[in-house]
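Participant: Need the 3D shape of this:
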Amino acid sequence: MSLSLIFMILFVGILLILSGISSASETSLIASSSNKINKHAQDGNHKAKYVQQLRKNMGRSLSTLLVANNLVNITASTLTTSIFIHLFGENGVFYATALLGFFIILYGEVLPKIYAIHFPEKTVMRFSPLLKAVSGLLNPVARVVDSIARLTLKMLGAKTLKDSSDANPEELRGFIDVYRSESSWEAEERAMLRGIIDLAAVEVGEIMTHRKNVLMVNVNDAKDKIIQDSLEAPYSRIPLWEGNPENIIGVINTKTLSRVLRKVNQDLGKLNLKEISFSPWFIPESTRLLDQLQSFRKRREHFAIVVDEYGAVLGVVTLEDILEEIVGQIQDEHDLEVSGIKRVSKQEILVSGDVTLRDLNREFNLSLPDEEASTIAGLVIHESRQIPAIGDKITVNNLDLEVCRKHRHQILLIRINFPENF
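Facilitator: Now for the predicted structure:
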């Protein structure tokens, strides 16, 4: 065997190694986590920074790797065929095809990609300097290939990587749901993550405290009554109205009220409720929770009054209400016990009509639809397409809902029966 033939065989071996590296790099570049790569880059890992540069134009990087992989495989195939023809004559074409095909499939494609799938970040960072060098060398060819590919896809009406957006909220919810564990702490973490994602989709009208459950005081009532009602209430901010409950002229802060009372030595004649109250902040019911949270932070306020499109007062929303959408119910020494839900048995609960669907879904891990109604009573009316009578039943998502108590047209109590396997 001549020296040149030995060098050709060694060169084919090197090309097979390069084929494996390009295949592993391609797979790991796609499968690697952006968050993990960014974390390594923030920690000062230069290879991770190379990967960040490659991922900025994923289509171009993949085109470069595919061009490199095909050039390597074609060159290896040509040299192998030449070697086998030299050794076995015309039959060498068949031998070269069979043998090289086996090695490329096994060592150039399957094994490297399996390894890259299991260790994507480790693989892509290991080969990132080589990838950067190859990218610079083959950049002109990759640009042409990438442009032709994108043009073809555009003509076919398909979105390219550049046109595609990052993970949307539904995909993120899917990732969160996949994160399963028996630990109650991890279940709470999933609920909190879902709550954060929902902030951009949920409106304040869905979580507000309805006006019928809001303590409001009339500025024309006796001052001693207003003070007693305000200081005994479990709330720190109380709307103040004049003339009619729709005309809210201010909001009393009970801490400010207590401080002013001490300052005037309990002399109610010197107390001016309008002066010590702060201006009410009105917001539309369609405001998204994320926007309202940012507004609370910007204005450094914790309390807003929710109105409809006609300016009618619907209820109030607080910073705590929004935070509870993320972390769950927050109880402090001034809160009333959570009411409205009573468990009768494993398969049966009694629920007040004003309990929100979001609270029910969170508490019992249900999926009651909350697009058309915010409370359980509203859901029953919407699904019934009428004002149901006592004893009427409907079924929603395999749950049996029965109206148990009413006052005129208002549904006060609903029985929910869960299926046996719930």
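Participant: all strands of the stretch 251-400 of the chain, in order?
Facilitator: For the stretch 251-400 of the chain, strands defined by DSSP state E, counting those that start in this stretch occupy the ranges 282-284, 303-307, 313-318, 341-345, 348-352, 393-396, 399-407.
Participant: possible to save the ones you listed as a markdown table with mean pLDDT, mean neighbour count and distance to Thr97?
Facilitator: The C-beta positions use only the backbone N, C-alpha and C, and glycine is treated the same way. A markdown table is the format used below for the strands of the stretch 251-400 of the chain (pLDDT from 0 to 100; neighbours: other Cβ atoms under 10 Å; distance: least, Cβ to Cβ, whole Å):
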| stretch | mean pLDDT | mean neighbour count | distance to Thr97 |
| --- | --- | --- | --- |
| strand 282-284 | 95 | 15 | 71 |
| strand 303-307 | 95 | 22 | 74 |
| strand 313-318 | 93 | 21 | 72 |
| strand 341-345 | 85 | 11 | 71 |
| strand 348-352 | 90 | 17 | 70 |
| strand 393-396 | 91 | 14 | 63 |
| strand 399-407 | 91 | 17 | 63 |
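Participant: Distance to Ile30 added to those strands, as a markdown table?
Facilitator: Listed next are the strands of the stretch 251-400 of the chain as a markdown table, based on distance: least, Cβ to Cβ, whole Å:
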| stretch | distance to Ile30 |
| --- | --- |
| strand 282-284 | 44 |
| strand 303-307 | 45 |
| strand 313-318 | 43 |
| strand 341-345 | 47 |
| strand 348-352 | 47 |
| strand 393-396 | 42 |
| strand 399-407 | 42 |
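Participant: Which stretch among those strands approaches Lys56 most closely?
Facilitator: Relative to Lys56, the nearest member of the strands of the stretch 251-400 of the chain by Cβ to Cβ is strand 282-284, separated by 39.5 Å.
Participant: The closest one - contacts with which helices or strands?
Facilitator: On a contact count with 3 or more Cβ pairs under 8 Å, 6 or more residues apart in numbering; DSSP states H and E, strand 282-284 meets strand 303-307.
Participant: and with 10 Å instead?
Facilitator: Secondary-structure packing of strand 282-284 (3 or more Cβ pairs under 10 Å, 6 or more residues apart in numbering; DSSP states H and E): helix 204-207, helix 289-299, strand 303-307, strand 313-318.
Participant: Identify the residues contacting the nearest residue to Leu366 once chain neighbours are set aside.
Facilitator: Ranked by Cβ to Cβ, 6 or more residues apart in numbering and with sequence neighbours excluded, the top spatial neighbour of Leu366 is Leu360, at 5.8 Å. Counting by Cβ atoms under 10 Å, 6 or more residues apart in numbering, Leu360 touches Gly340, Ile341, Ile349, Val351, Leu366, Leu368, Asp370, Thr375, Ile376, Leu379, Leu399, Ile416.
Participant: same thing but 7 Å
Facilitator: Val351, Leu366, Leu368, Ile376 (Cβ atoms under 7 Å, 6 or more residues apart in numbering).
Participant: Would you mind putting those into a markdown table with distance to Leu412 alongside?
Facilitator: Compiled in a markdown table, these are given as follows (distance: Cβ to Cβ, whole Å):
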| residue | distance to Leu412 |
| --- | --- |
| Val351 | 10 |
| Leu366 | 21 |
| Leu368 | 18 |
| Ile376 | 11 |
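Participant: Most neighbours among the residues you listed, which one is it?
Facilitator: Ile376 (27 neighbours; other Cβ atoms under 10 Å).
Participant: wait, isn't it in contact with Leu350?
Facilitator: No. Ile376 lies out of contact with Leu350 (Cβ atoms under 7 Å); the separation is 10.8 Å.
Participant: Please identify the buried residues of stretch 240-260?
Facilitator: By neighbour count on 16 or more other Cβ atoms under 10 Å, the buried set for stretch 240-260 is Leu240, Trp241, Ile248, Gly250, Val251, Ile252, Asn253, Thr254, Leu257, Val260.
Participant: Is Thr97 located within a helix, as I assumed?
Facilitator: Yes. With DSSP: H, G, I helix; E, B strand; the rest coil as the criterion, Thr97 is part of a helix.
Participant: Find the nearest non-adjacent residue to it, please.
Facilitator: Using Cβ to Cβ, 6+ apart, the nearest residue to Thr97 is Thr81, at 7.6 Å.
Participant: ok, the one you found touching Val93?
Facilitator: Yes. Using Cβ under 7 Å, Thr81 is in contact with Val93, at 5.9 Å.
Participant: which of the two has more neighbours?
Facilitator: Thr81 (17 against 14).
Participant: just checking, what packs against the helix or strand hosting the more buried one?
Facilitator: Using DSSP states H and E, Thr81 sits within helix 58-88. Counting by 3 or more Cβ pairs under 7 Å, 6 or more residues apart in numbering; DSSP states H and E, the packing neighbours recorded for helix 58-88 are helix 3-31, helix 92-103, helix 128-155.
Participant: Asp203: what's it in contact with?
Facilitator: Slight slip there: residue 203 is Glu, not Asp. Glu285, Ser286, Thr287, Arg288.
Participant: Just send these back as a markdown table, with distance to Ser61 and neighbour count too.
Facilitator: Formatted as a markdown table, those follow (distance: Cβ to Cβ, whole Å; neighbours: other Cβ atoms under 10 Å):
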| residue | distance to Ser61 | neighbour count |
| --- | --- | --- |
| Glu285 | 47 | 17 |
| Ser286 | 43 | 12 |
| Thr287 | 42 | 16 |
| Arg288 | 36 | 15 |
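Participant: Give me the pLDDT for Lys162.
Facilitator: Here the pLDDT value assigned to Lys162 is 48.
Participant: The helices and strands packed on strand 282-284 into CSV, with extra columns for distance to Thr152?
Facilitator: Shown next, in CSV, are those (distance: least, Cβ to Cβ, whole Å):
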stretch, distance to Thr152
helix 204-207, 46
helix 289-299, 39
strand 303-307, 52
strand 313-318, 51
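Participant: closest to Asp392 out of the ones you listed?
Facilitator: Using Cβ to Cβ, the helices and strands packed on strand 282-284 put helix 204-207 closest to Asp392, at 24.8 Å.
Participant: Thanks a lot, see you next time.
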